[in-house]
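> need coordinates for the below:
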Amino acid sequence: MVRVWPGLLVLALVAATAVGATARVASVVPARTVPCQEIIDHPAFPFAGFPSFRYRLVLGVVSAPPLFLGQPVALREGLWPYWLKVGLVVEAGAPSVTIRVPERWQNRAAIIWGNGNYDAGSSIQIAGGCGATDPGAGNAYAGGFYSRLRAACVPLVFRVGGRSATVRFGIGRRCH
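Residues are numbered from 1 along each chain as shown. Next up is the predicted model:
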């Protein structure tokens, strides 16, 4: 029979409980869901943007901002000292879309889309089935990026159903 020091056993149990609790909390915390009521416009879909500011089609249902977004605004206060406003367009009637900042970036960047008074976070979900189901219609959402860095190449993970794609956004710098 192997003897285990009681203090070591208690320490192991406490550590296992803490790790298990952390894992449960991380998997239970839902992304904020942006409801259909927070749509600000209904542009054509896919939304192209302007000649010098072309949006990109992601997973067939999201028109995401261009690769290079320009310089952020210095807020000079709070947790996120830089802000860059940029809209997002989702195809009307599309299933829900989840957008998240990868874990390794969550201390450097945050996102917010929707037309409410919410804090920026590491993930959001755009409600599915919103708006007209006319071919070529889109739903626009106000929002953008918060950052701790004046210049960064920020990755976001988009998920629609079982498909996902990582898309980079150049804030204050160009991504390669």
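> tell me which helix or strand comes right after the lowest-mean-pLDDT helix or strand in the chain.
Lowest by mean pLDDT, DSSP states H and E among the helices and strands of the chain is helix 6-28, with a mean of 35. Per DSSP states H and E, the first helix or strand lying C-terminal to helix 6-28 is strand 32-34.
> any idea how far that next one is from the middle of the chain?
11 Å (C-alpha atoms, centre = their mean, to the nearest Å).
> now swap in stretch 66-75 and tell me
Counting by C-alpha atoms, centre = their mean, stretch 66-75 comes out at 16 Å from the chain centroid.
> and if you look at stretch 81-96?
9 Å.
> what's the span of that stretch from first residue to last?
Terminal residues of stretch 81-96 lie 30 Å apart, using C-alpha to C-alpha, to the nearest Å.
> residues of it that come out buried?
By neighbour count on 16 or more other C-beta atoms under 10 Å, the buried set for stretch 81-96 is 81-84, 86-94, 96. (Each C-beta comes from the backbone N, C-alpha and C, glycine too.)
> do the same with stretch 129-145
Neighbour counts over stretch 129-145 (16+ other C-beta under 10 Å) mark 130-131, 138-145 as buried.
> and for stretch 34-43?
Buried residues in stretch 34-43 (16+ other C-beta under 10 Å): 34, 38-39, 43.
> now the residues you listed in CSV, with pLDDT?
Output for those, formatted as CSV (pLDDT from 0 to 100):
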residue, pLDDT
34, 96
38, 96
39, 95
43, 95
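> and residue 65, how many residues sit next to it?
The tally of other residues near residue 65 (other C-beta atoms under 10 Å) stands at 23.
> go ahead and confirm it touches residue 171.
No. With contact defined as C-beta atoms under 8 Å, residue 65 does not reach residue 171; the gap is 10.2 Å.
> could I get the buried residues of stretch 34-43 as CSV with distance to residue 61?
Shown next, in CSV, are the buried residues of stretch 34-43 (distance: C-beta to C-beta, whole Å):
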residue, distance to residue 61
34, 14
38, 17
39, 15
43, 14
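> which of the residues you listed fall in strands?
With strands defined by DSSP state E, the entries of these inside them are residue 34.
> tell me which of the buried residues of stretch 34-43 is nearest to residue 158?
residue 34 (13.8 Å; C-beta to C-beta).
> can you verify my assumption that residue 54 contacts residue 46?
No. The pair residue 54 / residue 46 is not scored as a contact, 10.5 Å apart, by C-beta under 8 Å.
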